[in-house]
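1. Just to be clear, the model below is a prediction. Sequence and coordinates:
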Amino acid sequence: MKYQNHNIEKSLIKGLRDGNQKSYKILFDQYYNWLCNYVYKLSKNNALSEDLVQNVFLRLWEKKSTLHITSSLRNYLFRSCHNEYLMHLRQQKKEIDLLDELKWKALFQLYQENEKLQQEEDWLKIEKAIAKLPRKCQEVFKLSRLEQKKHKEIAEILGISTKTVEIHITKALRFLKTNVSGFFF
């Protein structure tokens, strides 16, 4: 019986190599459901199983003239379906990895945009609070913190003592710490 099956397989393979559609249809009818069941056991997805098995049969027809089967036809188709399923998993993993990468890039960009907006809002709060300081205190604070001038330079620019500069800066810092949440100057 096994010898007879072997001869039938050889005949079908030869017919397939010669482009005989009847041989192809016999192969398809004989193995399609069995292969779909095998792939379904791996994937638990009927539609995917059918797609993958159809891909194997499509490639079998496309490569019929160069077909080289050294084992049984059944083993060849079995291995082909198994490999097709593995290729599907690899492709799926690549797609998931790509989606993860895109998701993290989008989240990071959103975070940066939110951070920038938050900084702008914080700066507006600071500017409003600075505007509430007495004029001289504002000038000293801006020269000190925004223009990075030393106390002695500020004293010379404004014509006041360095002690007065220190008093204005202390007053401004105290006011900002109590009126601007998260103030860090």
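-> All right, it came through fine. Residues are numbered from 1 along each chain as shown.

2. Name the helix or strand of the chain that has the lowest mean pLDDT.
-> Between all helices and strands in the chain, the lowest mean by mean pLDDT, DSSP states H and E belongs to helix 2-17, at a mean of 73.

3. Could you pick out the longest helix of the protein?
-> helix 73-131 (DSSP state H).

4. what about this protein, any weak spots by pLDDT?
-> For the chain, the stretches flagged by pLDDT under 70 are 1-6, 182-185.

5. mind running it again at 80?
-> 1-9, 68-71, 118-119, 122, 181-185 (pLDDT under 80).

6. quick one on the thing from earlier: report all helices and strands that the longest helix of the chain contacts.
-> Using 3 or more CB pairs under 8 Å, 6 or more residues apart in numbering; DSSP states H and E, the elements in contact with helix 73-131 are helix 2-17, helix 21-43, helix 46-62, helix 135-141, helix 162-179. All C-beta atoms are positioned from the backbone trio N, CA, C, and that covers glycine.

7. and if we set it to 7 Å?
-> Counting by 3 or more CB pairs under 7 Å, 6 or more residues apart in numbering; DSSP states H and E, the packing neighbours recorded for helix 73-131 are helix 2-17, helix 21-43, helix 46-62, helix 162-179.

8. Ok, which of these comes nearest Lys142?
-> Lys142 lies closest, by CB to CB, to one member of the helices and strands packed on helix 73-131: helix 162-179, at 9.2 Å.

9. what's in contact with that closest one?
-> 126, 129, 133, 136-137, 140-141, 144, 151-152, 154-155, 183, 185 (CB atoms under 7 Å, 6 or more residues apart in numbering).

10. Just flag the most distant two among the residues you listed.
-> Largest separation among those by CB to CB: Ala129 and Lys152, giving 26.3 Å.

11. More neighbours: which of these two?
-> Remark: of Ala129 and Lys152, Ala129 carries more neighbours, 17 against 10, as counted by other CB atoms under 10 Å.

12. Give me the buried positions along stretch 146-153.
-> Within stretch 146-153, the residues that count as buried by 16 or more other CB atoms under 10 Å are 149, 151.

13. now the end-to-end length of that stretch.
-> 14 Å (CA to CA, to the nearest Å).
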